[in-house]
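Student: Output the structure for:
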Amino acid sequence: MLIKAPLDSTHIDYLKNIGILSSNEEVTDSFKAGEGNMNVTLTIKTNKRTIVLKQSRPFVAKYPQVPAPLSRIEIEYKYYNIISPDNFLSCFSPKVLAFDKKSWLLVLEHLNNGGDYLSMYQSKSILGENVLDLLLSYLKKLHQLPVYEFPDNMEMRKLNHQHIFVLPFQSDNGFNLDDVQDGLQTLSERVKNHTPLKAKIKGIGDKYLGRGKSLIHGDFYPGSWFETDNGLKIIDTEFSFLGDPEFDLGVMLAHLKMARIPNESIQRVIQTYPLENGLISSYMGVEILRRLFGLAQLPLNLSIVEKEELTNDAINLIMNEEI
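Tutor: Prediction:
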């Protein structure tokens, strides 16, 4: 059954029949929980508690024209389960209350007074050094977790691969970037016509599709960092798989750079978590370019001149592999 707000009697009966709601639980309110990209996410208030329902569709919720695997919600469920024995990592996750595979429905605790960090692109001061240290500590602990078996999540990785490593660099990708900002389409030609750069990006993308040794979050950017009354939470783990820890770190650093976090802070992160610098640099550069020229746009408060500078920096990161 497809869940939508407001819940009607059919939805409520279904949730009671599968044990998500108890027989004496009355729904008092239900509404969309934020602007999720991948899944339908609802907040449900009852006479006893508040919970969150996440349900996958055979397409991306924000972009219905983009097909996506239903099984992604099970990946998120398995991620939370596999890190739950670790006391440090589990305190960053919302509690899993139930999972119904038949309807691809995940039930999570409601995070009180929560909000993501997407506003950091407008105000870099939102991301304090203490939060940055927590994010880095989380990644270190996650990547060191002894995980030997986890779904390869290949359907989601292929979807991500297309939107990170392929489509933003195709001249005929159907994205009219001038609808985002005047001059952005012309700026994108700098990378679309850069043959050595595209060859390098293809190689990095091939590596992304390979199997690594570390459990990674797979989408470690400000939209997945959630501040609540109970501290920082890390959410939206449907892109997770066994891969390169450099991917998570490179994505994180790319967003710090796009938010104009001081370079001193970026260098401190790199020095505090030494990995393969060339690979971090490559993933970082690609993430910047795909966010500038791909479908998944960010609320960047940047002029076209500033985006040109970012483009040049990203090209150098990829071609020279130096951070």
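
Student: count of neighbours near residue 121?
Tutor: Residue 121 is flanked by 18 other residues according to other Cβ atoms under 10 Å. Where you see a C-beta, it was placed from the backbone N, CA and C, and this is true even at glycine.

Student: which ones are touching it?
Tutor: 222, 258, 259, 298, 299, 300, 301 (Cβ atoms under 8 Å, 6 or more residues apart in numbering).

Student: Please list the members of the residues you listed that lie in strands.
Tutor: With strands defined by DSSP state E, no entry of those lies inside them.

Student: Could you pick out the buried ones from those?
Tutor: Among the contacts of residue 121, those buried by neighbour count (16 or more other Cβ atoms under 10 Å) are 222, 258, 259, 298, 300.

Student: Out of the contacts of residue 121, which comes closest to residue 6?
Tutor: residue 299 (28.3 Å; Cβ to Cβ).

Student: Now the nearest residue to the closest one once chain neighbours are set aside. Its backbone dihedrals?
Tutor: Spatial nearest neighbour of residue 299, excluding adjacent residues (Cβ to Cβ, 6 or more residues apart in numbering): residue 121 at 5.5 Å. Main-chain dihedrals, residue 121, degrees, to the nearest 10: phi -70, psi -20.

Student: pLDDT at residue 211, what is it?
Tutor: Residue 211 is assigned 89 on the pLDDT scale.

Student: Run the chain-centre distance for the helix or strand residue 242 falls within.
Tutor: With elements taken from DSSP states H and E, the one containing residue 242 is strand 241-243. For strand 241-243, the distance from its own C-alpha centre to the chain's C-alpha centre is 14 Å (Cα atoms, centre = their mean, to the nearest Å).

Student: Residue 204 versus the residue lying closest to residue 278 once chain neighbours are set aside, what's the distance?
Tutor: Ranked by Cβ to Cβ, 6+ apart and with sequence neighbours excluded, the top spatial neighbour of residue 278 is residue 321, at 3.7 Å. Look at residue 321 and residue 204: by Cβ to Cβ, to the nearest Å, they are 10 Å apart.

Student: Quick check: neighbours shared by the two?
Tutor: Shared contacts of residue 321 and residue 204, defined by Cβ under 8 Å, 6+ apart, are found at residue 282.

Student: Which one's more surrounded, those two?
Tutor: The neighbour comparison of residue 321 against residue 204 (other Cβ under 10 Å) goes to residue 204, with 19 against 16.

Student: show me what contacts the residue nearest the centre of the chain?
Tutor: The centroid of the chain falls nearest to residue 219 when counting by Cα atoms, centre = their mean (3.0 Å). Residues counted as contacts of residue 219 (Cβ under 8 Å, 6+ apart) are 160, 236, 237, 238, 239, 251.
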